[in-house]
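Engineer: Quick check, what structure comes out for this input:
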Amino acid sequence: MDQLALLFVLLLGAVVSVPVGDRLRLPAPVLMTLLGIVLAVLEFVPNVAVPPDLILPLLLPPLLYAAVRRTSWRQFASNVRPILLLAVALVLVTTACVAAVAHTIVPGLSIGAAVVLGALVAPPDPVAATAVAGQLGLPRRLVSILEGEGLFNDVTAIVLYNVAVAAVVSGTFSPWGAGLDLVLSAVVALGVGLALGWGANRLLGLLGEPTLQIGLTLLVPYASYLLSEEMHGSGVLAVLVTALFLAEYATDADDVMARFAGHTFWDVVDTLVTGVAFGLIGLELHNAIRTAQGRWADMLGWAGTVVGVVIAVRLVWLLPATWLTKRLHARRDYDEEIPMSWRETVIMWWSGMRGVASVALALAVPLGVDGGAPFPDRDEIVFIAFGVIMATLVVQGLTLPTLVRLLGVQSDSAREKAFEKQLAVRAAKAAKRRLREIEQVEELPEELSEQMLRRAFEIGVRISPDLGEEERREAHEQRVRRLKRVRRIQGEMLSAARHEVLAARSEPGTDPEVVDRVLRHLDVRSLR
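Structural biologist: Residues are numbered from 1 along each chain as shown. This is a model prediction of the structure:
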């Protein structure tokens, strides 16, 4: 099997793991990691030949962009305090604790190398958190915090990692210089992200065609990441800023086809890239086995200890942080989403899985330092990091669904339904307002005016059936049943039309472009 065939197997696994995971009630990323492990132990499967310095630039931008599309700037701003407690403070604390323990238990491990290890295992993976938590029906506030944590903790961890690696390679370290690097990295990333977001927004309006717009959205995350990295900024933060800007300002309410096609395209990208990323994690078992040859007892003991530190620190930090956030939340009128019970706090604790970012950072540890000497204890760092990733991703990922069921943590369906009803009312009122504006300009027959008024009411009722009164609801249900029958018949008629047009494609002298154009017209008519 060559590298191309291996990539195809991972892509196929990414597609198949979704329905299999739904049937087994297991997260698809975990299944892909297990598939990677199985492939890693097969002798005919080659080692992954992707250069370590390309893993983050290739995988992270589209995954981050797809994740940000599910959130908004307003949601982040409302939850900035709990997100910062997890994405910044907890990463710093985890790095310090892991570095202290690793420096103590691993013979000869320097402080700088220990900080490198702590930084690369500190950030819970944004892809793992959102992919796993999003499939379990958790309360939206928990998913929002996990998404925010996952999106922003990589920024802190990668900056810490780069500072620690530079200190080990050069043999010098300046706290003031490290702090200045952190500030400059954030400033550059913000500037690049905002500039590219603004430019992409303007260009999207000029392109017009949905196909071209979607193609541009695929290029923008890579451009934002690479440009920021070239300017010594945080590529991850730049992608987040660009994606948040576009999510806020690049949405045209009337561009139905572009929005529909865009969601479909990014769902496909998210599924495939996520599957490949977690498959690569499992495939790294090759290198871990080679590293531990002859030292299994020591290496497993060190890895197990660091796993315990990572898991324990998250719990010890979450308990007081959640309590403090609740106290401040109760005293002030904050519109933020926080864990409301100890059960939700436990779920947040157990959702701290490591993944793609940790693997990429571990593989990117330099082979040598200035002067030609090898990087100190690089093999031990990579093995321990892999142990943390596998333990948190596989063990926590496989047991999280069971823990959610045992604790009874479920989405707040009543709250979601109430908000849905509120939006339905607003949508119906907006439709009625527009109807009154039209009536002031155009003279509508009374029958048509009444019909349009009923249509405005039905806009809200179709979104939230509870809006209608009993009698009006029954009348609406009768109209819905009649409409369903009409749509079924019309659907069969359109299906017959599409089959006839497709049959004409095989006839002699037929222009396939004309056939495709007519077929597209029928497809659009079917969507409407």
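Engineer: helices and strands around the helix or strand containing Gly262, which ones?
Structural biologist: Taking DSSP states H and E as the criterion, Gly262 maps to helix 256-283. Where contact means 3 or more Cβ pairs under 8 Å, 6 or more residues apart in numbering; DSSP states H and E, helix 256-283 is packed against helix 3-24, helix 28-41, helix 52-68, helix 126-133, helix 210-230, helix 356-363. For the C-beta atoms, the positions are set from N, CA and C on the backbone; glycine is no exception.
Engineer: Thr345 is nearest to which of those helices?
Structural biologist: Checking the helices and strands packed on helix 256-283 against Thr345 by Cβ to Cβ gives helix 126-133 as the closest, at 14.1 Å.
Engineer: average model confidence for the closest one?
Structural biologist: Averaged across helix 126-133, pLDDT comes to 61.
Engineer: tell me the mean pLDDT over the helix or strand following that helix?
Structural biologist: Proceeding N to C from helix 126-133, the next assigned helix or strand is helix 140-170, under DSSP H and E. Averaging pLDDT along helix 140-170 yields 79.
Engineer: For helix 140-170, could you pull out the residues that count as buried?
Structural biologist: 141-168 (16 or more other Cβ atoms under 10 Å).
Engineer: roughly how far is that helix from the heart of the chain?
Structural biologist: The chain centre lies 15 Å from the centre of helix 140-170; the measure is Cα atoms, centre = their mean, to the nearest Å.
Engineer: what's downstream of it, the next helix or strand?
Structural biologist: helix 175-207.
Engineer: what packs against that following helix?
Structural biologist: Short answer (3+ Cβ pairs under 8 Å, 6+ apart): helix 175-207 packs on helix 140-170, helix 210-230, helix 235-249.
Engineer: Please identify the buried residues of the last one?
Structural biologist: Using 16+ other Cβ under 10 Å as the burial criterion, the residues of helix 235-249 that qualify are 235-247.
Engineer: what would those residues look like in JSON lines with pLDDT and distance to Leu4?
Structural biologist: Formatted as JSON lines, these follow (pLDDT from 0 to 100; distance: Cβ to Cβ, whole Å):
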{"residue": "Gly235", "pLDDT": "86", "distance to Leu4": "27"}
{"residue": "Val236", "pLDDT": "82", "distance to Leu4": "29"}
{"residue": "Leu237", "pLDDT": "86", "distance to Leu4": "33"}
{"residue": "Ala238", "pLDDT": "91", "distance to Leu4": "31"}
{"residue": "Val239", "pLDDT": "90", "distance to Leu4": "28"}
{"residue": "Leu240", "pLDDT": "85", "distance to Leu4": "32"}
{"residue": "Val241", "pLDDT": "89", "distance to Leu4": "35"}
{"residue": "Thr242", "pLDDT": "91", "distance to Leu4": "31"}
{"residue": "Ala243", "pLDDT": "88", "distance to Leu4": "30"}
{"residue": "Leu244", "pLDDT": "86", "distance to Leu4": "36"}
{"residue": "Phe245", "pLDDT": "87", "distance to Leu4": "36"}
{"residue": "Leu246", "pLDDT": "86", "distance to Leu4": "33"}
{"residue": "Ala247", "pLDDT": "79", "distance to Leu4": "35"}
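Engineer: which of those sit farthest apart?
Structural biologist: Going by Cβ to Cβ, the pair spanning the buried residues of helix 235-249 furthest: Gly235 and Ala247, at 18.5 Å.
Engineer: how much does the helix holding Gly262 deviate in direction from helix 3-24?
Structural biologist: 100 degrees (axes from the mean of the first three to the mean of the last three Cα atoms, to 10 degrees).
Engineer: what sits against the residue lying closest to Pro221 once chain neighbours are set aside?
Structural biologist: In space, and not counting its chain neighbours, Pro221 is closest to Pro61: 3.6 Å by Cβ to Cβ, 6 or more residues apart in numbering. Shown in contact with Pro61 (Cβ atoms under 8 Å, 6 or more residues apart in numbering): Pro221, Tyr222, Ser224, Tyr225, Gly235, Val239.
Engineer: just these now: which is nearest Arg498?
Structural biologist: Nearest to Arg498 among the contacts of Pro61, with distances taken as Cβ to Cβ, is Pro221, at 35.7 Å.
Engineer: For Ala114, see how far away the closest one is.
Structural biologist: Computed as Cβ to Cβ, to the nearest Å, the Pro221 to Ala114 distance reads 33 Å.
Engineer: And for Leu283?
Structural biologist: 27 Å.
Engineer: same deal with Arg354?
Structural biologist: 17 Å.
Engineer: swap in Pro175?
Structural biologist: From Pro175 to Ala114 the distance is 17 Å (Cβ to Cβ).
Engineer: neighbour count winner among these two?
Structural biologist: It is Ala114, of Pro175 and Ala114, that has more neighbours when counted by other Cβ atoms under 10 Å, with 26 against 8.
Engineer: residues touching that one, list them.
Structural biologist: With Cβ under 8 Å, 6+ apart, Ala114 has these contacts: Val98, Ala99, Ala100, Ala102, His103, Val106.
Engineer: ok, 6 Å please
Structural biologist: Ala99, Ala102, His103 (Cβ atoms under 6 Å, 6 or more residues apart in numbering).
Engineer: ok, now which ones touch the first one?
Structural biologist: Residues touching Ala99, when contacts are defined by Cβ under 6 Å, 6+ apart, comprise Ala114, Val115, Gly118.
Engineer: Buried residues in the helix or strand harbouring the second one, which are they?
Structural biologist: Under DSSP H and E, the secondary-structure element containing Val115 is helix 111-121. Across helix 111-121, burial judged by 16+ other Cβ under 10 Å covers Gly112, Ala113, Ala114, Val115, Val116, Leu117, Gly118, Ala119, Leu120, Val121.
Engineer: What is the nearest of those residues to Ala292?
Structural biologist: Leu117 (15.8 Å).
Engineer: picking that back up, take the contacts of Ala114 and keep only those in helices.
Structural biologist: Ala99, Ala102, His103 (DSSP state H).
Engineer: Out of the helices and strands packed on helix 175-207, which gets nearest to Leu204?
Structural biologist: So among these, helix 210-230 is nearest, using Cβ to Cβ, at 5.2 Å.
Engineer: which parts of the closest one are buried?
Structural biologist: 210, 213-214, 216-217, 220-229.
Engineer: go on, stretch 274-292?
Structural biologist: 274-288, 291-292.
Engineer: Need the contact partners of it.
Structural biologist: Here stretch 274-292 has contacts from 10, 13-14, 29, 32-33, 35-37, 39-40, 47-48, 59, 127, 131, 299, 356, 359, 379, 383, 386, using Cβ under 6 Å, 6+ apart.
Engineer: Generate a PyMOL selection restricted to the buried entries among these.
Structural biologist: To isolate the buried members of these in PyMOL, using 16+ other Cβ under 10 Å:
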select buried, resi 10+13+14+29+32+33+35+36+37+39+40+48+59+127+131+299+356+359+379+383+386
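Engineer: ok, back up a step: let me have the contacts of Ala99 in TSV, adding pLDDT and distance to Glu507 as columns.
Structural biologist: Converted to TSV, the contacts of Ala99 look like this (pLDDT from 0 to 100; distance: Cβ to Cβ, whole Å):
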residue	pLDDT	distance to Glu507
Ala114	92	73
Val115	92	71
Gly118	94	68
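Engineer: From Leu85, how far off is the spatially most central residue of the chain?
Structural biologist: Nearest to the geometric centre of the chain sits Ala67, at 3.0 Å (Cα atoms, centre = their mean). Ala67 sits 20 Å away from Leu85, going by Cβ to Cβ.
Engineer: same question, Met231
Structural biologist: Taken as Cβ to Cβ, the span from Met231 to Leu85 is 29 Å.
Engineer: any idea of the angle the helix holding Gly262 forms with helix 175-207?
Structural biologist: Using the same axes, to 10 degrees, helix 256-283 lies at 140 degrees relative to helix 175-207.
Engineer: Which SSE is immediately downstream of helix 256-283?
Structural biologist: Next along the chain from helix 256-283, counting by DSSP H and E, comes helix 285-291.
Engineer: Now the element after that next one, going C-ward?
Structural biologist: helix 296-331.
Engineer: Cool, thanks, signing off.
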